[in-house]
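A.B. asks: Okay, structure incoming, though there's no sequence with it:
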């Protein structure tokens with residue numbers, strides 16, 4: 001489970017230090033891909049395999065499934081962090097998420113998300129009021 005908020009910076013080669021507490025779990029490999037709201041998703045290899053299997057069983061006759069799968073897999077990049085815990089983010093993914101220097105890495109349960117720092121600040125500001133006012137209908141039976 002991934003939790004918390006971290007604020008690494010991209011270096012001049014497009015590398016990002018993964019949060020230290022997750023480096024061991026991600027040392028064997030991870031997958032970076034496009035996420036919603038113009039962030040990047042970071043999945044451990046095993047979690048990406050689980051998602052792949054779930055999408056494999058989705059009906060290819062559904063246009064939304066085909067569209068989502070195409071973008072999700074076409075933008076995916078399997079990476080192995082270096083010995084310092086850095087991962088290189090491909091240019092196309094950096095462009096998609098508007099990553100230049102200051103980043104925010106958040107824990108999002110089974111994945112990490114990488115955000116441009118300003119984009120995360122704006123998103124979080126927009127969502128805090130809705131979160132504080134959320135009723136049981138958002139997660140029925142969970143909270």
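C.D. replies: Good, I have the coordinates. Remember, predicted model here, so these are calculated numbers, not experimental data.
A.B. asks: Dihedrals phi and psi, residue 101?
C.D. replies: Backbone torsions of residue 101, given as degrees, to the nearest 10, read phi -140, psi -70.
A.B. asks: The residue lying farthest from the centre of the chain and residue 71: what is the separation?
C.D. replies: Seen from the C-alpha centroid of the chain, the residue lying at the greatest distance (Cα atoms, centre = their mean) is residue 61, 27.1 Å away. Computed as Cβ to Cβ, to the nearest Å, the residue 61 to residue 71 distance reads 18 Å. Where you see a C-beta, it was placed from the backbone N, CA and C, and this is true even at glycine.
A.B. asks: what kind of secondary structure is the residue farthest from the centre of the chain in?
C.D. replies: Secondary structure of residue 61, reduced to three states by DSSP: H, G, I helix; E, B strand; the rest coil: coil.
A.B. asks: Pull up the per-residue confidence for it.
C.D. replies: Per-residue pLDDT puts residue 61 at 91.
A.B. asks: thinking residue 88 is in contact with residue 13, fair?
C.D. replies: Yes. Contact between residue 88 and residue 13 holds when scored by Cβ atoms under 8 Å: they sit 6.9 Å apart.
A.B. asks: Please identify which of those two sits among more neighbours.
C.D. replies: More crowded of residue 88 and residue 13, by other Cβ atoms under 10 Å: residue 88, with 19 against 8.
A.B. asks: Identify the spatial nearest neighbour of that one, chain neighbours not counted.
C.D. replies: Leaving out its chain neighbours, the residue that sits closest to residue 88 by Cβ to Cβ, 6 or more residues apart in numbering is residue 15, at 5.1 Å.
A.B. asks: Find me the pLDDT at the one you found, would you?
C.D. replies: For residue 15, pLDDT reads 98.
A.B. asks: where's residue 70 relative to residue 100, distance?
C.D. replies: Counting by Cβ to Cβ, the separation of residue 70 from residue 100 is 27 Å.
A.B. asks: Which of the three states applies to the residue nearest the centre of the chain?
C.D. replies: Relative to the mean C-alpha position of the chain, the nearest C-alpha, by Cα atoms, centre = their mean, is the one of residue 41, at 1.7 Å. Using three-state DSSP, the structure places residue 41 in strand.
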